[in-house]
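J.: Provided below for reference: sequence and predicted model.
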Amino acid sequence: MLGTTGEPDADVDALRTARVHRIGSDLARATAAPERIDLGLSSRDTLGAWSWPDGRIRVSRTLVDLLDDDALAAALAHEIGHLLDGGHVADGSSALAGASSGARHDGPGLELRADAVACSLLRARGTPVEALPRMLRTVARDLTPASDGPDPAALRQRAAVAERSCVAAR
Ligand SMILES: [Zn+2]
């Protein structure tokens, strides 16, 4: 139906999906099992990205629209980082920002490890690694407060760590 409020526009979604696939496939090729990574849009409205142990990575439309290609690469690289991080195959999904609507099983250590993998994947793709802290700060800035949502302060802390351990470590 046309004109229904909140109805996703199929053409815009096709463009969003194409961006996610193009950028995510580049990153996935730097992993040992690119065929296991299944990229797509999330039905959630929340600003975020999520990954599951079965290889699914989903990003929200709001995140895709907010980020430029390099920052979107950083967000996808972080989620791939979770998949590559053996300690993160817990039940449920893991969120970009370290807090999902489910249990808080993804502590700061897991997030920092996923960021470290993301740093390597970005370098492998030839993406400027400054995109990682920039993405984290962009998401922190645009978050709307939600009790079960990600913590902007935690994102800014991760951005500071990424500046030291990724951007400065050339
Ligand atoms: Zn994460």
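T.: Structure's in. What do you need? Numbers count the residues shown, from 1 in each chain.
J.: Nearest spatial neighbour of T144, chain-adjacent residues omitted?
T.: Leaving aside its sequence neighbours, T144 sits nearest to L47 (C-beta to C-beta, 6 or more residues apart in numbering; 7.6 Å). Glycine gets a C-beta too; all of them are placed from N, C-alpha and C.
J.: How about the secondary structure of that neighbour?
T.: coil (DSSP: H, G, I helix; E, B strand; the rest coil).
J.: What is the burial count for L72?
T.: 25 (other C-beta atoms under 10 Å).
J.: Ignore what I typed, I meant A168.
T.: There are 9 residues near A168, going by other C-beta under 10 Å.
J.: go on, T46?
T.: 21.
J.: pretty sure it contacts S60?
T.: Yes: the criterion here is C-beta atoms under 8 Å, and T46 meets it with S60 at 5.8 Å.
J.: Quick check: which element contains the residue nearest the centre of the chain?
T.: In the chain, the residue lying closest to the centroid (C-alpha atoms, centre = their mean) is A75, at 3.0 Å. If you go by DSSP states H and E, A75 is part of helix 69-84.
J.: Next, the contact list for the residue nearest to the centre of the chain, please.
T.: A49, V59, L63, L67, L96, M135, V139 (C-beta atoms under 8 Å, 6 or more residues apart in numbering).
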